[in-house]
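Student: Below: sequence and its predicted model.
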There are 2 protein chains.
Amino acid sequence: MSSDLINIAKLSDGGSSEPQIQHRLDVLNKWNIPLGSKILEIGCRQGDFTLVAAYMVGDQGHVTGIDPAPLDYGAPMTLGETQDKLKQNPIGDRMTFHQSTLEEFLNSSVSEQVYDYTVFVHSVWYLPSADALLPMLAALRGRTKHLLISEYSLDVRGDIAVLPHLLAAISQAEFNSRDNALDRDDNVQSIISPQMICAVAQKAGWELQKEDTVESPEGQEDARWEVHRVLSEEYGLRSGSSGDASRQGFASALIHAVAESKRALGPSPKLRTLPTWLGSWV
Amino acid sequence: MSSDLINIAKLSDGGSSEPQIQHRLDVLNKWNIPLGSKILEIGCRQGDFTLVAAYMVGDQGHVTGIDPAPLDYGAPMTLGETQDKLKQNPIGDRMTFHQSTLEEFLNSSVSEQVYDYTVFVHSVWYLPSADALLPMLAALRGRTKHLLISEYSLDVRGDIAVLPHLLAAISQAEFNSRDNALDRDDNVQSIISPQMICAVAQKAGWELQKEDTVESPEGQEDARWEVHRVLSEEYGLRSGSSGDASRQGFASALIHAVAESKRALGPSPKLRTLPTWLGSWV
C-alpha cells in the first residue's frame, strides 16, 4: 500500500474505501496534475475525488467541487454531512463545496475567472444524455486551461468478470432512456461512450491531447453496487412500471442477462468494475 | 466430420454451411426425436433446420415447415426459391413448406390434427415480444405431443469471444423495442430469455420436461452476421432516425460497445456465436 493511500485513507476516516481511493489516485497519476493547481470538479457528489485531489495538489493547491444534488441526498450520511466532515479534516481548507449547476456557478462571484484544470470524474454517466454535456463543455471554454474527463469505458478488455457491471449499466441506461422515466437514484442515467464524449468536446471547441485507460483496482465496489441494484426485486418491478410489452420484455431480458453473467462466475463471484477511460483537452 | 454431416451437406448443396448443419444436428441430437416422427416447425425460413430434421426422421418421418414471411424475401435466393430447391433433393418428399401464420395453418385443412413434435428453432427472437409467443403456445395445446424450443441463451458462459454477438443482439432488440420502429430485416426483433420462454409456456399450459444447452460449433456465422450488421453505416444511420436524444444516445453507445468488444479480440477476431438453450415440454 502506498503512503499516499495510507494518508488519504486516514483523512477520509471511513468515508471512502481503499479501492475507491486507489482508483482516484490511479486517475490522478495518469493526469499528472502539478502541485499548487486550482481544480474545478464538476459533479463532486460526496467528495471522494475531491479529497484525493486536494491531498495531491499540496497546500498551495485548491479543489472546488460543485454538484447540483440536494445536500440532504444520500444515506446513511447525506451529501452535506459528508462534505462538512471533509472540510473539518487537516487539509479541509484545500476544498470548497458548492451546491450548484455549472452554469450558475460560472456566473457567480465565487467562481475563479480561470481554473488550471476542470475535471469530470465519473459524473458524465449521471447526465441524461451526451447532449447535456455540450453546453457545459462550451461554457468552460476560456474558464479553464485544461479539461479532464474520466468515465467508464464500455470495453471489458477481455475480462469476463467485468461483464455483469457492463450489462447492469446498460440496464440502468435502458430504463432512464424511456420517456419521463428518469430515476435519479440510478448511478447510471445514460451510457456515454468515450467516442461520444470526444465528439461533444470537439463540437464545444476543445482539442483532444491524450486518451488513456486505467483498470479498476481489485475490490472497487461499483460493479457490486450496480449489479445488486439491478437484481433487486424493486428494480424488476420498476422496470415493468412503464413502457409497452416490447420495451418491458427488452428490459426483463437485460436483467436476466445480468443475472446469468453473474451466475457464470461461480458461487461467490468476484465482480470486477469496468475500466475507466481518461481524456485530456486544451 | 460425421457421416450425417457429410450426407446433409450434400443434400443441402451449398444452401447451408457445415457449421450451420452441425449446429442443427447438435440441437436434434439433444432432443432425441425418434425415426418416423411427424414434426411441425414454426418459423422455418429457408429450411436450414427442416432439411436436417427431414434427414434425421428417416423415410417414414415428415417435417412441415411454416413461416409467414413473403416467399420473395431474402437474397441472393429468395425464401421460395430455397424451399423449392430443397423439395427437389432426394429427401424432398419428407418436407412440406407453407407460407402461413401458425393460427391460419392450424385452422386449415392441410394441418395434421396432432403432430408428434412442434419445434421453434431460433425463431422466438424474431417475434416482437414474448407476449406474441403466448397465443401460439396456447393454440398448440392438443395439437402436438411435444413442444421443443431452441433459442440463443443470454449467457456467454465465460467466453469473451461471444460478447460481440450478445451485444449485437441487445442493440437490434433495442431498436425493435422502439415505438413503430420494427425492421423485419433484423434477425433479432427481441431478446427473450429462457426464463421468459418458460414463463410463457407455463402460462399456456405446458409442463417443462427438460432444459439443455449446446455450444455453437466453431465457424457458426450468426455472430459475424449480426455484428457486421450492427457495425454497418446504414445501421448507425437508422439508429438515429427515431427516438429522442436520450434513446439515440443509448443506441449509439450500444453500437460502440459492440465495436469495442470486437476490437478487444484482436485484428482478425474469431467471433463466437451465442450458446443455444433448449427446452422440452409436454
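Tutor: Received, thanks. Numbering: from 1, shown residues only, chains lettered A, B, ... in the order given.

Student: Nearest to the spatial middle of chain A, which residue is it?
Tutor: A:His122 (1.7 Å; CA atoms, centre = their mean).

Student: nearest spatial neighbour of that one, skipping sequence neighbours?
Tutor: In space, and not counting its chain neighbours, A:His122 is closest to A:Glu151: 6.1 Å by CB to CB, 6 or more residues apart in numbering or on different chains. For the C-beta atoms, the positions are set from N, CA and C on the backbone; glycine is no exception.

Student: Could you pull up phi and psi at A:Tyr73?
Tutor: phi -80, psi 140 (degrees, to the nearest 10).

Student: Could you verify that A:Lys210 is part of a strand?
Tutor: Yes. Checked against DSSP: H, G, I helix; E, B strand; the rest coil, A:Lys210 lies within a strand.

Student: mind checking the SS state of the residue nearest to it when sequence neighbours are not counted?
Tutor: Distances taken as CB to CB, 6+ apart put A:Ser280 closest to A:Lys210, at 4.5 Å, once the chain neighbours are dropped. Three-state call for A:Ser280 (three-state DSSP): strand.

Student: tell me the contacts of A:Leu5?
Tutor: By CB atoms under 8 Å, 6 or more residues apart in numbering or on different chains, the residues touching A:Leu5 are A:18, A:21-22, A:25.

Student: quick one: A:Gly15 from chain B, how far?
Tutor: Distance of A:Gly15 to chain B, computed by CB to the nearest CB, to the nearest Å: 31 Å.

Student: Chain neighbours aside, what residue packs nearest to A:Gln113?
Tutor: In space, A:Gln113 is closest to A:Arg143, 7.2 Å off (CB to CB, 6+ apart).

Student: Which phi and psi values does that neighbour adopt?
Tutor: phi -110, psi 0.

Student: hang on, isn't it packed against A:Tyr115?
Tutor: Yes. Contact criterion CB atoms under 8 Å: A:Arg143 and A:Tyr115 qualify, at 6.7 Å.

Student: Give me the more crowded residue out of the two.
Tutor: A:Tyr115 (22 against 17; other CB atoms under 10 Å in any protein chain shown).

Student: Would you mind listing the residues in contact with A:Gly240?
Tutor: A:248, A:251-252.

Student: What is the nearest of the residues you listed to A:Pro68?
Tutor: Distance to A:Pro68, by CB to CB, is smallest for A:Ala251 among the contacts of A:Gly240, at 27.8 Å.

Student: Could you pull up phi and psi at the closest residue to A:Glu215 other than its chain neighbours?
Tutor: Nearest residue to A:Glu215, sequence neighbours excluded (CB to CB, 6+ apart): A:Pro275, at 5.2 Å. As for A:Pro275, its main-chain torsions (degrees, to the nearest 10) stand at phi -60, psi 160.

Student: Next: A:Ile42.
Tutor: According to degrees, to the nearest 10, A:Ile42 has phi -90, psi 120.

Student: State the number of residues packed around it.
Tutor: As a burial measure, A:Ile42 scores 24 neighbours (other CB under 10 Å).

Student: Could you do A:Leu35 as well?
Tutor: 10.

Student: returning to what we had before: considering the contacts of A:Leu5, which possesses the most neighbours?
Tutor: Neighbour counts for the contacts of A:Leu5, by other CB under 10 Å, peak at A:Ile21, which reaches 26 neighbours.

Student: residues in contact with that residue?
Tutor: A:5, A:8-9, A:12, A:48, A:52.

Student: Which strand or helix spans the closest residue to it other than its chain neighbours?
Tutor: Using CB to CB, 6+ apart and skipping the chain neighbours, the partner closest in space to A:Ile21 is A:Ile8 (5.1 Å). Take DSSP states H and E as the rule and A:Ile8 turns out to sit in helix A:3-12.

Student: per-residue confidence averaged over that helix?
Tutor: Helix A:3-12 shows a mean pLDDT of 95.

Student: That helix: which residues count as buried?
Tutor: With burial defined by 16 or more other CB atoms under 10 Å in any protein chain shown, the residues of helix A:3-12 counted as buried are A:4-5, A:8-9, A:11-12.

Student: distance between the following helix or strand past that helix and the chain's centre?
Tutor: The element immediately downstream of helix A:3-12 (helix or strand, assigned by DSSP H and E) is helix A:18-31. Here the centre of helix A:18-31 is set off from its chain's centre by 12 Å, with CA atoms, centre = their mean, to the nearest Å.

Student: mind listing what's buried in helix A:18-31?
Tutor: A:18-28, A:30-31.

Student: cool, stretch A:58-78 as well?
Tutor: Quick answer for stretch A:58-78 (16+ other CB under 10 Å): A:61-67, A:69, A:78.

Student: nearest to B:Thr101, of those residues?
Tutor: Using CB to CB, those come closest to B:Thr101 at A:Ala69, 52.1 Å.

Student: For the residue nearest to the closest one when sequence neighbours are not counted, list the residues it contacts.
Tutor: In this structure, A:Ala69 finds its nearest non-sequential neighbour in A:Leu79, 5.8 Å apart by CB to CB, 6+ apart. Neighbouring residues of A:Leu79 by CB under 8 Å, 6+ apart: A:45-46, A:67, A:69-73.

Student: if we go to 7 Å?
Tutor: Taking CB atoms under 7 Å, 6 or more residues apart in numbering or on different chains, we find A:Leu79 in contact with A:45-46, A:69, A:71, A:73.

Student: re earlier: next, give me the two most distant ones among the contacts of A:Ile21.
Tutor: A:Leu5 and A:Asp48 (13.5 Å).

Student: any idea which strand is longest in chain A?
Tutor: Looking across chain A with DSSP state E, the single longest strand is strand A:144-152.

Student: after it comes which helix or strand?
Tutor: The helix or strand immediately downstream of strand A:144-152 is helix A:163-176, counting by DSSP H and E.

Student: What is that next one packed up against?
Tutor: helix A:222-230, helix A:245-263 (3 or more CB pairs under 7 Å, 6 or more residues apart in numbering or on different chains; DSSP states H and E).

Student: Turn those into a markdown table, including mean neighbour count.
Tutor: Shown next, in a markdown table, are the helices and strands packed on helix A:163-176 (neighbours: other CB atoms under 10 Å in any protein chain shown):
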| stretch | mean neighbour count |
| --- | --- |
| helix A:222-230 | 21 |
| helix A:245-263 | 22 |
